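> sequence and predicted structure below; questions after.
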Amino acid sequence: FLPVLNNGFVYDDILIFHSELPHFSTLAQSWIHPQVLTYMTSAYYRPLIYFIFQITRSLSGYEPWGYHLVLLCLHSLTALLIYFTSYEFLKERKHAVLGAATSAIFFAVHPIHVEVVSWASATVEASMSFFFILSLYLFILFRQNAQKRYYFFSALSFLCALFSKETAAMLIILLPLYDYFFIKTSLSKKHNKRHYLLYTICFALYYALRHLNLPSNPLSSINVGFGEGSLRLISAMGYYLQNSIWPITVNPYIASVQTTSKALIGSLIFISIFSFLTLYTFKKFKATAKKKANLKKLNQFLLRKKK
């Protein structure tokens, strides 16, 4: 992806860097938007992105290379986090380092990311991904080591992810699922629910700031009904799953995904296959872990019996 350093501004980049960013004259305006709002800043509250853009502007002005460099750095750091996070899931298995390294390299160079890495304005996705995975990684360390510093910085990373893009809110669902499937904790116990309190507070803070900075109905200008939105979501999921496996049609600009009957059927097939393989892999992983645990208990029993 290094050639993107020679790229200029394209598509949404022109709107953001030529029309919006000049209205931000101080770093404080990243968090409290200026009165002159365009479509992007009136529909979304992503203050960390404009904070990053202003820092970058102070270093490279409005030259595209500076923004592309920041984007590449975020993408590289996210790949590094993929390694450490994958290792935490694989460390009790053979060739854990190799598996984690493969995951990180696959993430770093996969062509499916060309759409994100090529646009300077896609810092939105890159920043959200970095802080999202950082928050998850720190939460895993917290659950394994019970050190509160990991918990605090994980929640802080989650807040940064929210300030990058609102879809980071999905982490609130992901963390209990991690506890249930990997830590084997009961989600109904009051003690376990406390682990998610700080994340809930972070989300409430984000929502309050968003409400203060945006119109009462910020997405009113986006005329997409529930049915059409659902069809687009299914088509988009199928498109990206397909190109994750066979990336021959990816390009830096996807104006819209097709919602024809053929595209929807293909998407549903890919989603079904992916869901089946994911469930099968998880069950196999779980069975292997249970088998190892039983063998460990058996060895301990035999050792006690010898004594």
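Great, that's in hand.
> who are the packing partners of the lengthiest helix in the chain?
When the chain is parsed with DSSP state H, its longest helix is helix 261-306. The contact analysis (3 or more Cβ pairs under 8 Å, 6 or more residues apart in numbering; DSSP states H and E) places helix 261-306 against helix 226-245. All C-beta spots, glycine's among them, are computed from the backbone N, C-alpha and C.
> how far away is the spatially most central residue of the chain from Asp179?
Computing the C-alpha centroid of the chain and ranking residues by Cα atoms, centre = their mean puts Ser129 first, at 3.3 Å. According to Cβ to Cβ, to the nearest Å, Ser129 and Asp179 sit 22 Å apart.
> what do you get for Ala100?
Ala100 is 21 Å from Asp179, by Cβ to Cβ.
> same thing with Tyr240?
Relative to Asp179, and taking Cβ to Cβ, Tyr240 is found at 28 Å.
> Ala28 now?
When Ala28 is compared with Asp179 (using Cβ to Cβ), they lie 38 Å apart.
> check Ile32 too.
Distance check for Ile32 against Asp179: by Cβ to Cβ, it reads 36 Å.
> list the contacts for Gln144?
Glu88 (Cβ atoms under 8 Å, 6 or more residues apart in numbering).
> so which residues of this structure form helices?
12-14, 39-43, 47-60, 64-90, 96-109, 114-118, 123-145, 148-164, 171-178, 190-193, 197-213, 226-245, 261-306.
> pull out the buried positions in the first one.
Okay, so that is helix 12-14. 12-13 (16 or more other Cβ atoms under 10 Å).
> can you check stretch 109-119 too?
112-119.
> mind checking the end-to-end distance for that stretch?
Counting by Cα to Cα, to the nearest Å, you get 16 Å between the two ends of stretch 109-119.
> got it, and stretch 143-154?
11 Å.
> how many residues are close by Arg210?
17 (other Cβ atoms under 10 Å).
> would you confirm that it contacts Tyr45?
Yes. Using Cβ atoms under 8 Å, Arg210 is in contact with Tyr45, at 4.0 Å.
> neighbour count for Ile32 and Asp179, which is higher?
For Ile32 versus Asp179, the count of surrounding residues by other Cβ under 10 Å is larger for Asp179: 18 against 11.
> that one against Ile173, yeah?
No. Using Cβ under 8 Å, Asp179 makes no contact with Ile173, being 11.5 Å away.
> excluding chain neighbours, what is closest to Pro99?
Pro isn't right for residue 99; it's Gly. Nearest residue to Gly99 in three dimensions, chain neighbours excluded: Leu90, at 4.8 Å (Cβ to Cβ, 6 or more residues apart in numbering).
> next up, the contacts around the one you found.
96, 99-100.
> so Leu156 versus Leu205, what's the distance?
Taking Cβ to Cβ, one finds Leu156 at 11 Å from Leu205.
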